[in-house]
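*Asks:* coords below, sequence missing:
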């Protein structure tokens with residue numbers, strides 16, 4: 001959810017800044033191996049559709065979920081020169097670190113689940129289970145490695161869709177917003193700038209011509225001595 005909000009925010013800011021030309025600025029950015037991004041997202045779907053269950057029952061979706069991060073990192077590396085993409089990579093790495101440190105799932109605490117599920121109780125949160133239709137595993141904070149990188153941040157009610165997200169998601173979202181601002185063309189050279197460029201070019205040409213004349217004079221003197 002937080003990443004969907006980042007896309008909406010990024011597009012909104014781009015439209016506000018650039019008007020009708022915003023979409024052409026975004027789509028005009030050169031992407032290498034663009035197919036990696038949608039494939040990575042598709043690999044996450046099986047885990048995101050898996051119900052509440054023991055983690056042992058979602059081994060294959062879990063493996064595909066981990067593989068998706070490699071595709072995302074490859075996409076980031078191949079497009080690392082684009083503004084914002086490195087921030088996306090930092091967010092992906094933060095998420096991958098905490099996921100690998102906690103058995104291949106993003107950890108979430110029972111307290112966080114209660115905050116995003118009004119009316120739920122801690123007794124309903126079975127420790128060690130996959131939290132249905134998400135990438136999360138339910139773990140108590142004391143047993144969570146790299147807890148600060150887990151799904152510990154919350155957009156609670158009255159937000160229409162209460163959701164938990166990680167610090168990595170926040171960084172990744174900021175990178176997406178930046179990326180969606182599109183390429184920023186450099187300013188056109190002013191008259192003074194063009195004049196300086198022309199003057200410099202003339203100076204270089206004049207210097208080269210003087211060097212050539214000096215070389216010719218030197219050769220004539222050498223021929224006289226030889227005679």
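*Replies:* Right, received. Where do you want to start? Small disclaimer: the values here were computed from a predicted structure and weren't measured.
*Asks:* any low-confidence regions in the protein?
*Replies:* In the predicted model, the chain carries pLDDT under 70 at residues 183-227.
*Asks:* quick one: the strands in it, in order.
*Replies:* For the chain, the strands defined by DSSP state E cover 53-54, 106-108, 129-130, 136-138, 153-155, 163-165.
*Asks:* need the residues that contact the second one.
*Replies:* Under the contact criterion C-beta atoms under 8 Å, 6 or more residues apart in numbering, strand 106-108 has outside partners 95, 98-99, 131, 134-139, 144-145, 147, 150-152, 164, 166. Glycine gets a C-beta too; all of them are placed from N, C-alpha and C.
*Asks:* center of the protein - which residue?
*Replies:* Most central in the chain under C-alpha atoms, centre = their mean is residue 88, positioned 1.7 Å from the mean C-alpha point.
*Asks:* all helices for the chain, in order.
*Replies:* Remark: helices of the chain, listed N- to C-terminal, are 2-18, 22-27, 36-48, 59-78, 85-101, 110-116, 167-179, 191-226; assignment by DSSP state H.
*Asks:* now do the same contact list for residue 128.
*Replies:* Residue 128 makes contacts with 54, 55, 137, 138, 139, as judged by C-beta under 8 Å, 6+ apart.
*Asks:* give the contact list for the third one.
*Replies:* Counting by C-beta under 8 Å, 6+ apart, residue 137 touches 55, 102, 103, 105, 106, 107, 108, 128, 129, 130, 131.
*Asks:* thanks a lot, see you next time.
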